[in-house]
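>>> Okay, predicted coordinates and the sequence, questions at the end:
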Amino acid sequence: MIVSLFVGPYALAEVDYFDYLHKKSANLNLENKTNGWAYMISGALVLGGSIPGYYLSKEIFSKVIYTAGQNFGIAGIGYGAYLAFIDNDYKRFENILQKTPELTREQKNKLAYYFFKDRAEQAKRIRMIRVVSHGLSAGLNILNGLTSDSKELGLALFFLGGVNVLASIGLLFSQSAEEKMLTSSFSATPKFAALNITYHF
């Protein structure tokens, strides 16, 4: 009797993108609410100190500073309210999928995958724009440093150029959470199992 055993890959490890969407939206929602209330509280404190300071101040310069403080305080309250009370994109998309009961779990998972794929591609484009922007700033700072007549100014410009170079390199090799997740899912290790067993007598 001869037994032949064929072993080969049958599937890649499946990623539950819909479950990841739920966790991502919940974590981001909690983070936004916490940061939002922090912005509103700090903005209210700045505004509360700037209003009486404006009316008690006699100098024009001080009034300008307190006016800027009022504007920053109001902006902080507004931005905090946006973070605390407006759902993030992940939560809104999850709500859309949850409110569409005719979709199967597999379909929701597929739509979540394309959502993350779109977010990853957008994040990569933004990252590349920032890489180019920092690179151009670095080149301009270094060029101005080389042509500067002041040694102190030249050194300062070289320092700024170096900072921009490091920022550009860091952004070039960094990835967003969505980019990392999609990259890891595509490179998942195949699972192996016996597909065929044949007996020869």
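Thanks, I have the structure now.
>>> any idea where the helices of the protein begin and end?
Along the chain, counting by DSSP state H, helices occupy 17-56, 60-85, 89-98, 105-147, 151-173, 177-186.
>>> where are the low-confidence patches of the chain?
By pLDDT under 70, the low-scoring segments of the chain are 1-14, 184-201.
>>> Nearest residue to the middle of it?
residue 176 (5.8 Å; Cα atoms, centre = their mean).
>>> number of nearby residues for residue 40?
Using other Cβ atoms under 10 Å, the number of residues around residue 40 comes to 20. All C-beta spots, glycine's among them, are computed from the backbone N, C-alpha and C.
>>> Please name the nearest non-neighbouring residue to it.
residue 80 (3.6 Å; Cβ to Cβ, 6 or more residues apart in numbering).
>>> go on, residue 87?
residue 29 (6.8 Å).
>>> doesn't residue 88 make contact with that neighbour?
Yes: using Cβ atoms under 8 Å, residue 29 makes contact with residue 88 at a distance of 6.2 Å.
>>> Quick one: residues contacting the closest residue in space to residue 141 that isn't next to it in sequence.
The shortest distance from residue 141 to any non-neighbouring residue, by Cβ to Cβ, 6+ apart, is to residue 161 (3.6 Å). Counting by Cβ atoms under 8 Å, 6 or more residues apart in numbering, residue 161 touches 137, 138, 139, 140, 141, 142, 145.
>>> Done for today, thanks.
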